[in-house]
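> Show me the folded form of this:
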Amino acid sequence: MGGDHGPSVTLPACKAFLDIHPQAQLLLVGGAAALQSARDWPRCRIVEASEVVTMDDPIEVALRRKKNSSMRVAITQLVGVDGAEPAAQACVSAGNTGALMALARYLLKTLDGIDRPAIATLMPNRTNGYTTVLDLGANVDCTAEHLLQFAVLGSALVAAVDGNEDPSVGLLNIGEEAIKGSDTIKRAAELMRAAAADERLNFHGNVEGNDIFKGTTDIVVCDGFVGNVLLKSAEGLATMLSDFIRQEFTRSAFSKLAALVALPVLRRFKHRVDPRRYNGAALLGLRGLVFKSHGSADAFAFEQALRRAYDAARNRLTDRVRNRIALSADALALADAPTEATAGTAQAA
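Residues are numbered from 1 along each chain as shown. You can find the predicted model right below:
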């Protein structure tokens with residue numbers, strides 16, 4: 001029911017997803033009338049919800065007042081009641097990001113050892129693959145300890161979905177040198193180097209923004225403010241490219257001819273950087289799988305989010321995250337221990 005378009009986009013995407021994945025089943029959560037056309041679909045069941053969290057609803061409204069919203073009911077499908085198995089293994093929503101994060105954290109709780117969930121997504125790189133980037137907006141203000149936790153979560157995601165058991169991690173900074181960056185970034189780098197020394201993390205070191213698109217590391221960690229700006233900037237660049245290609249065919253005859261010659265290359269590049277292909281950001285660190293689709297997603301993009309959630313569920317991402325956290329428990333505990341400076345401050349207080 002969420003996003004800019006609601007069932008006019010999500011229903012065709014769900015139908016296409018079911019056609020391609022014969023082993024999958026879907027629970028469609030929302031108003032009965034809006035979902036009526038899907039009532040007879042195979043491997044599909046409608047779960048009715050009488051309310052909808054709008055894109056401009058405050059988090060408090062979603063948490064406290066709309067107790068039967070489609071978003072809340074969808075997330076509760078991940079929770080087993082009285083020892084029973086959950087009705088679903090993953091939840092996908094294109095709705096209000098803040099409300100989705102708040103509801104997911106309230107209903108599912110975070111995994112032991114994780115203070116805050118993080119939003120992780122894929123960004124294309126020139127190695128013909130992609131770089132996993134987190135956090136992308138869930139946490140604007142992060143401590144060094146949070147950034148270490150994000151590195152652990154991102155490593156678990158890449159290991160589970162890509163089969164890469166030792167993914168490399170880069171810490172986004174204004175330069176590669178260890179002396180650069182804020183105190184938080186420097187401290188985070190120290191924690192990650194310590195985790196790497198104990199073979200708890202494959203830490204590459206500091207990376208810059210262009211390293212994301214070079215594919216220097218498998219994972220890039222940053223705070224949510226920087227990550228969200230980065231994501232929106234990349235999406236804006238991809239949109240500008242599409243507009244440029246379209247405009248070239250409306251210019252002079254020479255421009256049209258040049259554009260026509262270059263069209264195969266331009267189309268391949270446009271396909272590689274098309275943000276719709278990478279839609280579906282994981283909310284990592286929760287006791288259940290929740291994926292966020294762009295609110296403006298079309299049917300193709302929303303189907304990609306469904307595929308990403310399905311792959312995560314098949315590969316038992318939550319269990320892999322829990323195991324990775326257990327393996328990194330010493331590093332996370334060390335990160336939480338007070339430093340000499342903070343201990344001195346506490347003693348003085």
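> How about stretch 135-146, which residues are buried there?
Judged by neighbour count (16 or more other Cβ atoms under 10 Å), stretch 135-146 contains these buried residues: Asp135, Leu136, Gly137, Ala138, Asn139, Cys142, Thr143, Ala144, Glu145, His146. From N, CA and C alone the C-beta is placed, and that goes for glycine too.
> Stretch 190-205 now?
Residues Leu191, Met192, Ala194, Ala195, Ala196, Arg200, Leu201, Asn202, Phe203, His204, Gly205 are the ones in stretch 190-205 that count as buried (16+ other Cβ under 10 Å).
> avg pLDDT for that stretch?
Average pLDDT, stretch 190-205: 93.
> Between the two ends of it, how far is it?
10 Å (Cα to Cα, to the nearest Å).
> I'd like the distance from it to the chain centre, please.
Put simply, stretch 190-205 sits 23 Å off its chain's centre (Cα atoms, centre = their mean, to the nearest Å).
> what does it contact?
Applying Cβ atoms under 8 Å, 6 or more residues apart in numbering, the external contacts of stretch 190-205 come out as 144-145, 147-148, 151-152, 155, 166-171, 176, 178, 189, 216-217, 327-328, 330-331, 334-335.
> coming back round to it: could you list which of the buried residues of stretch 135-146 belong to helices?
Ala144, Glu145, His146 (DSSP state H).
> As CSV, those with distance to Val79 and pLDDT would be great.
Shown next, in CSV, are those (distance: Cβ to Cβ, whole Å; pLDDT from 0 to 100):
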residue, distance to Val79, pLDDT
Ala144, 32, 95
Glu145, 28, 94
His146, 25, 95
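> what's around Arg116, how many residues?
Neighbourhood size, Arg116 [other Cβ atoms under 10 Å]: 20.
> wait, I meant Gly175
11.
> Likewise for Asp211?
For Asp211, using other Cβ under 10 Å, the count is 19.
> Pretty sure Val220 is one of the things it touches, is it not?
Yes. Counting by Cβ atoms under 8 Å, Asp211 does reach Val220; the two are 7.1 Å apart.
> Pull up the overlap in contacts between those two.
Gly170.
> Let's see the pLDDT reported for Leu111.
92.
> Am I right that it is in contact with Val321?
Yes. Leu111 lies in contact with Val321 (Cβ under 8 Å); the separation is 6.5 Å.
> In terms of packing, which of these two has more residues around it?
Between Leu111 and Val321, counted using other Cβ under 10 Å, the more crowded position is Val321 (28 against 21).
> Quick one: residues in contact with the helix or strand that one falls within.
In this assignment (DSSP states H and E), Val321 forms part of helix 317-327. Under the criterion Cβ under 8 Å, 6+ apart, residues 111-114, 152-153, 155-157, 159-161, 200, 282, 284-289, 332 lie in contact with helix 317-327.
> hang on, isn't Gln37 packed against Leu11?
Let me fix one detail, which is that residue 37 is Ser and not Gln. Yes. Counting by Cβ under 8 Å, Ser37 touches Leu11, with 6.5 Å between them.
> So which of those two has more stuff around it?
Leu11 (19 against 12).
> How about the more buried one: what's its closest non-neighbour residue?
Ala38 (5.8 Å; Cβ to Cβ, 6 or more residues apart in numbering).
> who touches the residue most central in space within the chain in this structure?
The centre of the chain sits closest to Ala281, judged by Cα atoms, centre = their mean, with a distance of 2.4 Å. Contacts of Ala281 were listed using Cβ under 8 Å, 6+ apart, and they are Ile119, Ala120, Thr121, Leu136, Phe291, Lys292, Ser293.
> Could you check the pLDDT of it?
Turning to Ala281, the model gives it a pLDDT of 93.
> after the strand or helix carrying Val169, next one along is what?
For Val169, the element it lies in under DSSP H and E is strand 168-172. As assigned by DSSP H and E, the chain's next helix or strand after strand 168-172 is helix 183-197.
> how big is the angle separating that next one from strand 168-172?
Between the axes of helix 183-197 and strand 168-172, defined by axes from the mean of the first three to the mean of the last three Cα atoms, to 10 degrees, the angle is 170 degrees.
> in the stretch 151-300 of the chain, which spans are strands?
168-172, 202-207, 219-221, 281-284, 289-292 (DSSP state E, counting those that start in this stretch).
> low pLDDT regions in the stretch 201-349 of the chain?
Across the stretch 201-349 of the chain, the ranges flagged by pLDDT under 70 are 245-246, 248-250, 252, 254-256, 259, 262-263, 265-273, 334-349.
> Let's see that with 50 instead.
The stretch 201-349 of the chain contains residues with pLDDT under 50 at 340-349.
> related to what we said a few turns ago, what count of nearby residues applies to the residue nearest to Leu11?
Neighbour number of Ala38 under other Cβ under 10 Å is 19.
> For it, give me its contacts.
Contacts of Ala38 (Cβ under 8 Å, 6+ apart): Leu11, Cys14, Lys15, Leu28, Cys44, Ile46.
> Need the buried residues of stretch 135-146 in TSV (columns: distance to Gln247).
Formatted as TSV, the buried residues of stretch 135-146 follow (distance: Cβ to Cβ, whole Å):
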residue	distance to Gln247
Asp135	35
Leu136	30
Gly137	31
Ala138	36
Asn139	38
Cys142	40
Thr143	45
Ala144	45
Glu145	48
His146	43
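> Which helix in this protein has the most residues?
Per DSSP H, the chain has its longest helix at helix 224-248.
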